[in-house]
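Asker: I need the structure of the sequence given here:
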Amino acid sequence: MLYSSAIFIGIIVWDLFVSVSVHYGRQFMNKRYMKWVLASSGIALIGFGAFFGYKAAESAIQML
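Answerer: Predicted coordinates for the structure are as follows:
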C-alpha cells in the first residue's frame, strides 16, 4: 500500500510540475520554437514506441 501511494503521489507531483511549466513556459517561447519542441517530442515518442514494440516482439519470439 505504501508503494502504491508513493507512485500516485509521484504521478500527481509530476503532472502538476508539467502543467505549471507549460503554463508559464509559453511566455518565453515563440510559435516557431514551440513547433520544434512538439515535433521533436513526437519523434522521440514514436522512437520509444518502436523500440519497446521491437523488444516486446523479440521477447514473444524467444518465448515460443
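Asker: Before we move on, what's the pLDDT of the residue nearest the centre of the chain?
Answerer: Nearest residue to the geometric centre of the chain (C-alpha atoms, centre = their mean): residue 45, 7.1 Å. For residue 45, the model assigns a pLDDT of 97.
Asker: do you know how far it is from residue 59?
Answerer: 21 Å (C-beta to C-beta, to the nearest Å). Quick note: C-beta positions are derived from backbone N, CA and C, even for glycine.
Asker: So which residues of the protein form helices?
Answerer: 2-25, 31-63 (DSSP state H).
Asker: tell me the angle of the longest one relative to helix 2-25?
Answerer: Which is helix 31-63. Counting by axes from the mean of the first three to the mean of the last three C-alpha atoms, to 10 degrees, helix 31-63 points 150 degrees away from the direction of helix 2-25.
Asker: so how far is helix 31-63 off the chain centroid?
Answerer: 10 Å (C-alpha atoms, centre = their mean, to the nearest Å).
Asker: For residue 41, list the residues it contacts.
Answerer: Listed by C-beta atoms under 8 Å, 6 or more residues apart in numbering, the contact set of residue 41 is empty.
Asker: I'd assumed residue 37 was in contact with residue 29.
Answerer: Yes. With contact defined as C-beta atoms under 8 Å, residue 29 counts as touching residue 37 (7.4 Å).
Asker: what number of residues lie near residue 49?
Answerer: Residue 49 is flanked by 10 other residues according to other C-beta atoms under 10 Å.
Asker: and if you look at residue 11?
Answerer: Neighbours of residue 11 (other C-beta under 10 Å): 10.
Asker: same question, residue 29
Answerer: 13.
Asker: Residue 26 versus residue 19, what's the distance?
Answerer: From residue 19 to residue 26 the distance is 12 Å (C-beta to C-beta).
Asker: Likewise for residue 63?
Answerer: In terms of C-beta to C-beta, residue 63 sits 46 Å off from residue 26.
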